[in-house]
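Q: Just need the structure, nothing else, for what follows:
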Amino acid sequence: MKIIVPINLIPDLVEELTIDESGKALDLAWARLIINEFDDHAIEQAILLKEAFGGEVTVLGFDVEGVDDVLFTAAAKGADKLIKLTGDSVENLNSHASARIYADIFKEIQPDLVLVGVQAHNDLDGQVGPLIAEYLGYPYVGYIAGVKSEDGKAIARKEYPGGLVAEMEVTLPAVLGIQASEKPPRYVAFSKVRQAMQTAAIDEQGVEAADLSGGPEVDRMFLPEVAERATMIEGSVEEVSTKLLEIFKEQGVV
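A: Residues are numbered from 1 along each chain as shown. You can find the predicted model right below:
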């Protein structure tokens, strides 16, 4: 079974983010990029499937700062092939452009299963997974928390509020949006990553001009306003309860 995992590197929200001079995008010149959390779970789920049912795992990503380290880390975890997509248009892509590029590559690779992180916190125009499925004509199931393989089909596990769990049978080839892998993404010692750098190879594939159509056009970005809008209520339980009730009445809640 051929499993492919497209990954996305996103700004680390722990870092302070700034807006560039145009006012329409983040200034990524000094921003630290990390792998999208859900994509990390997608890699782990792919490797778990390989270990349990056999197959080949390919991980690919666009040529941005730090992608080599992420790809070699995937190899240290158990990925078989690494692909880096290069070109002048691989930065600041929207979801539609990324999905079109992935779909063109996947048509050549012919994967049985595409596992992609269900979303990223910088997605402005939809999730990449459903878009890839649309361009490929594959079925899609999102927010998956576990996958099994059985007789040419994928058994996708979805979790719902209230402790409800559903299993959906999907005929392959298919695209699955991973919310969580069956096990947390495994830790890999840096020594193993260094070893992967010596033994694994990253296959570079050029990307022509990206088609950005379908995505939103940002007119202006703003930083959150700094303001004091919280009211701290002090006093005994009775005093706090009375004050809360007064506020609820003022707001028309009760």
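Q: in the stretch 1-150 of the chain, which spans are helices?
A: Along the stretch 1-150 of the chain, the segments classed as helices by DSSP state H, counting those that start in this stretch run 37-53, 67-77, 95-109, 128-136.
Q: Looking at the ones you listed, which is nearest to M168?
A: Among the helices of the stretch 1-150 of the chain, the nearest to M168 by C-beta to C-beta is helix 128-136 (14.1 Å). The way it works is simple: take the backbone N, C-alpha and C, and place the C-beta from them, glycine included.
Q: quick one: the closest one to helix 95-109, angle?
A: Helix 128-136 runs at 50 degrees relative to helix 95-109, counting by axes from the mean of the first three to the mean of the last three C-alpha atoms, to 10 degrees.
Q: Only the buried residues of helix 128-136, if you could.
A: Residues of helix 128-136 classed as buried by neighbour count (16 or more other C-beta atoms under 10 Å): V128, G129, P130, L131, I132, A133, Y135, L136.
Q: so, if you compare those residues, which one comes nearest to V226?
A: Here the nearest of the buried residues of helix 128-136 to V226, counting by C-beta to C-beta, is V128; it sits at 33.3 Å.
Q: Quick check: which of the helices of the stretch 1-150 of the chain is nearest to S236?
A: Nearest to S236 among the helices of the stretch 1-150 of the chain is helix 37-53 (42.7 Å), distances taken as C-beta to C-beta.
Q: Compute the inter-axis angle for that closest one and helix 67-77.
A: Between helix 37-53 and helix 67-77, the angle comes out at 30 degrees (the same axes, to 10 degrees).
Q: tell me the mean pLDDT over helix 37-53?
A: For helix 37-53, mean pLDDT rounds to 97.
Q: now do stretch 100-110
A: Mean predicted confidence for stretch 100-110 is 95.
Q: Alpha carbons only: can I get that stretch in PDB?
A: Provided in PDB are the C-alpha atoms of stretch 100-110 (Å, rounded to 0.1, in the frame of the first residue of the first chain):
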ATOM      1  CA  ARG A 100      -3.700  21.600  -7.000                       C
ATOM      2  CA  ILE A 101       0.100  21.100  -6.800                       C
ATOM      3  CA  TYR A 102      -0.300  18.000  -4.600                       C
ATOM      4  CA  ALA A 103      -3.000  16.600  -6.900                       C
ATOM      5  CA  ASP A 104      -0.800  16.900 -10.000                       C
ATOM      6  CA  ILE A 105       2.000  15.000  -8.200                       C
ATOM      7  CA  PHE A 106      -0.300  12.400  -6.700                       C
ATOM      8  CA  LYS A 107      -1.700  11.600 -10.200                       C
ATOM      9  CA  GLU A 108       1.800  10.400 -11.100                       C
ATOM     10  CA  ILE A 109       2.500   8.600  -7.900                       C
ATOM     11  CA  GLN A 110      -0.900   6.900  -7.700                       C
END
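Q: which residues touch that stretch?
A: 2, 4, 6, 58, 60, 83, 85, 93, 114, 128, 131-132, 135-136, 173, 205, 207, 210-211 (C-beta atoms under 8 Å, 6 or more residues apart in numbering).
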